[in-house]
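A.B. asks: Build me a model from this:
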Amino acid sequence: MVILMVIVTVIAFLVVDVGIRLILRQRHEARLRRERAEALDIGLRLDVSDEAPTLKRAEPAEPKARILAVDDEAIILDSFRKILVLEGYAIDTVESGPEALGLVKKHDYDFVFTDLKMPVMDGLDVVKGVKHLRPDIDIIVITGFATIETAVDCMKYGATDYVQKPFTAEELVAFVGKSLIRRQDRLERAQRPHVRIVTPSRRASASPREFNVPSGLFIGEGHAWVGVHPNGLCQVGVDDFIQKLFGEVDSVEVPDTAFTVLKGDPLFAIVRNGRRLAVPSPVSGKVVAVNAELHHHPELVNLRPFESGWVCWIEPARLATELGGLRIGADAESWYDQQIARYEAARAAAADREGPLGERKNDEESTWEAIQKTLQPA
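C.D. replies: Numbers count the residues shown, from 1 in each chain. Just a heads-up that it's a prediction; the model follows:
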């Protein structure tokens with residue numbers, strides 16, 4: 001009876017907790033919507049005619065992206081403003097191509113939406129002009145059914161995609177959301193990876209383009225990290241560089257307790273999609289403990305590689321002599337820069353080579369080959 005009461009109490013608590021969270025979330029979303037509606041109302045009263053005669057601007061706080069829309073139909077622009085501002089986007093609208101290009105020179109936009117058929121300057125010329133002035137901006141062509149072929153032709157000149165009118169609010173919001181995700185992914189991929197030294201005042205980054213190196217840990221040649229503890233034991237795991245490049249780990253092959261290993265020999269392995277990556281030991285010694293949690297939760301290697309994602313403890317045999325071959329702090333940062341350069345060169349070479357049947361290698365195959373190449377001695 002007591003157990004039943006406890007179970008009922010726990011369930012009731014969970015139901016109340018979920019209900020409270022749902023109510024708070026709804027209130028938060030309602031507040032955001034009110035603030036965005038106010039931004040839309042304020043934007044309609046702004047006098048920005050000094051920038052462009054037909055310019056109307058609406059800018060909510062902390063916008064998801066900045067958008068410029070150009071169309072000679074005011075009703076289309078009104079729809080853009082109302083729909084997208086309420087979804088958290090900042091948006092400028094104008095009714096002619098020359099006005100749009102003038103604004104592109106003055107402001108930073110993430111997207112330009114342009115109609116195809118407009119007087120004075122058509123959509124194709126807008127695409128060409130924007131790409132000439134700001135090649136970093138994504139251009140979306142607004143098209144009717146009759147001009148889809150022309151919209152596709154615009155993509156030859158730099159347009160990213162096209163959206164067909166008429167469209168519903170839901171269709172436009174979904175389209176812009178997907179376009180933003182693609183843009184963010186492309187920009188992140190274009191950013192050169194770099195090393196981030198993590199300190200008590202500087203948090204680790206979850207970005208796949210930033211590799212974290214905790215300031216107090218040593219790094220071995222094979223990308224295993226080592227934490228030397230006051231009791232003389234060494235805690236070992238896989239570093240941020242390898243776990244982020246390798247991807248979500250399916251399983252971890254930990255060594256046996258009492259296993260004796262030499263520096264540079266395989267210590268443990270991570271497995272993903274049938275591919276097994278052996279990680280060499282950064283120090284010589286005897287394994288005295290392993291992380292049993294990794295058997296059921298290998299994802300800890302990805303989620304918390306330097307905390308609960310550790311692999312084993314080693315009682316070092318020659319730490320005094322081997323410590324000099326490990327890297328820490330600024331020394332580790334410069335070495336990682338070299339490793340990044342090696343990996344990018346190896347991945348580019350792997351992607352350019354054809355497979356055994358003449359086909360191009362996919363991203364996963366190129367990444368796997370580049371990781372193996374990077375782990376080889378320089």
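A.B. asks: Output the contacting helices and strands for the host helix or strand of Phe211.
C.D. replies: Phe211 is part of strand 210-214, with elements assigned from DSSP states H and E. In terms of contacts (3 or more Cβ pairs under 8 Å, 6 or more residues apart in numbering; DSSP states H and E), strand 210-214 is packed against strand 194-198, helix 240-246, helix 330-352. To be clear about C-beta, it is placed using only N, CA and C from the backbone, and glycine gets the same treatment.
A.B. asks: Tell me how far the second one lies from the chain's centre.
C.D. replies: Remark: helix 240-246 is offset 14 Å from the chain centroid, using Cα atoms, centre = their mean, to the nearest Å.
A.B. asks: mind listing what's buried in that helix?
C.D. replies: Judged by neighbour count using 16 or more other Cβ atoms under 10 Å, the buried positions of helix 240-246 are Asp240, Phe241, Ile242, Gln243, Lys244, Leu245, Phe246.
A.B. asks: The last one now?
C.D. replies: For helix 330-352, a neighbour-count test (16+ other Cβ under 10 Å) marks Ala332, Glu333, Tyr336, Gln339, Ile340, Arg342, Tyr343, Ala346, Arg347, Ala350, Ala351 as buried.
A.B. asks: that older thread, okay if I get the helices and strands packed on strand 210-214 as TSV plus mean pLDDT and distance to Gly102?
C.D. replies: Shown next, in TSV, are the helices and strands packed on strand 210-214 (pLDDT from 0 to 100; distance: least, Cβ to Cβ, whole Å):
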stretch	mean pLDDT	distance to Gly102
strand 194-198	84	36
helix 240-246	92	43
helix 330-352	86	39
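A.B. asks: Out of those, which is closest to Asp256?
C.D. replies: When the helices and strands packed on strand 210-214 are compared for distance to Asp256 using Cβ to Cβ, the nearest one is helix 240-246, at 22.2 Å.
A.B. asks: Show me what secondary structure element comes after the closest one.
C.D. replies: strand 251-253.
A.B. asks: Show me what that following strand pairs with in its sheet, parallel or antiparallel.
C.D. replies: strand 266-272 (antiparallel) (DSSP bridges).
A.B. asks: just to revisit the earlier point, now the angle from the strand holding Phe211 to helix 330-352?
C.D. replies: Following axes from the mean of the first three to the mean of the last three Cα atoms, to 10 degrees, one obtains 150 degrees for the angle between strand 210-214 and helix 330-352.
A.B. asks: Now do the strands in the stretch 151-300 of the chain.
C.D. replies: 161-164, 194-198, 210-214, 218-219, 224-228, 234-238, 251-253, 260-261, 266-272, 275-280, 285-290 (DSSP state E, counting those that start in this stretch).
A.B. asks: Can you give me the buried ones in the second one?
C.D. replies: Residues of strand 194-198 classed as buried under the neighbour-count rule (16+ other Cβ under 10 Å) are Val195, Arg196, Val198.
A.B. asks: From those, pick the one nearest Asp50.
C.D. replies: Of the buried residues of strand 194-198, the one sitting nearest to Asp50 (Cβ to Cβ) turns out to be Arg196, at 43.2 Å.
A.B. asks: my guess is the closest one meets Arg209, correct?
C.D. replies: No: counting by Cβ atoms under 8 Å, Arg196 sits too far from Arg209 to count as a contact (10.0 Å).
A.B. asks: circling back to that earlier point, now render the buried residues of helix 330-352 as TSV, adding distance to Pro214.
C.D. replies: TSV is the format used below for the buried residues of helix 330-352 (distance: Cβ to Cβ, whole Å):
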residue	distance to Pro214
Ala332	10
Glu333	12
Tyr336	13
Gln339	17
Ile340	18
Arg342	22
Tyr343	21
Ala346	26
Arg347	26
Ala350	30
Ala351	32
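A.B. asks: any idea which of the residues you listed is closest to Ser284?
C.D. replies: Looking across the buried residues of helix 330-352 and measuring by Cβ to Cβ, the closest to Ser284 is Ala332, at 20.3 Å.
A.B. asks: ok, now which ones touch that closest one?
C.D. replies: Counting by Cβ atoms under 8 Å, 6 or more residues apart in numbering, Ala332 touches Val195, Val213, Phe218, Ile219.
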